[in-house]
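Chemist: need coordinates for the below:
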Amino acid sequence: MRNVLIAVAIAAVLCLGVTGCGKQESTAGTGHGQKDEAAEFEDGADKYFPEQMECPVCGGEPIKPDFYVETERGRIYFDKQECVTKFENNRAEYQKKFDKKIKEYMMGGG
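Modeler: Numbers count the residues shown, from 1 in each chain. All right, here's what the predicted structure looks like:
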């Protein structure tokens, strides 16, 4: 019984070490294991919200520099093409939700 407990404990420690204690971080784009912010995208574009880290349509992460919409205030990024299409098909609704989320972030809620 003792050997079984030791084996389980060792397996648990190894599992945590491999998975990073359950943290999910993107390594896409930056190469340093951190979640990408729009500000990190070196695409020469003005960013609508440089601190943007999640898709304004589905909330998915990471956002990607290849999926975006140009607006008067700058580029908004998405995690996949499907979300770009949804945003473009209902720009007013998603723009309003995104602006509300930015306001909450700026007030310390994000």
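
Chemist: okay, the longest strand anywhere in the chain in CSV with CA atoms only?
Modeler: Determined from DSSP state E, the single longest strand within the chain is strand 64-71. Only the C-alpha atoms of strand 64-71 are listed here, as CSV (Å, rounded to 0.1, in the frame of the first residue of the first chain):
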residue,chain,number,x,y,z
LYS,A,64,-3.7,36.5,-33.5
PRO,A,65,-2.2,39.2,-35.7
ASP,A,66,-3.6,37.6,-38.8
PHE,A,67,-7.3,38.0,-37.8
TYR,A,68,-8.3,41.6,-37.5
VAL,A,69,-10.7,44.4,-38.5
GLU,A,70,-9.7,48.0,-39.2
THR,A,71,-11.7,50.7,-37.4
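
Chemist: and the nearest residue to Ala39 once chain neighbours are set aside, what's its pLDDT?
Modeler: Nearest residue to Ala39, sequence neighbours excluded (Cβ to Cβ, 6 or more residues apart in numbering): Pro50, at 3.7 Å. In this view, the C-beta of every residue, glycine as well, is placed from N, C-alpha and C. Note on Pro50: pLDDT of 96.

Chemist: what helix or strand is the closest residue to Ile63 other than its chain neighbours on?
Modeler: The shortest distance from Ile63 to any non-neighbouring residue, by Cβ to Cβ, 6+ apart, is to Tyr77 (4.0 Å). Here Tyr77 is covered by strand 74-78, with elements defined by DSSP states H and E.

Chemist: would you mark the buried spots in the helix or strand that that strand is followed by?
Modeler: Downstream of strand 74-78, the next assigned helix or strand under DSSP H and E is helix 81-89. Of the residues in helix 81-89, Cys83, Val84, Lys86, Phe87 count as buried by neighbour count, 16 or more other Cβ atoms under 10 Å.

Chemist: so the residue nearest to Ala39 versus Lys86, what's the distance?
Modeler: For Pro50, the distance to Lys86 equals 23 Å [Cβ to Cβ, to the nearest Å].
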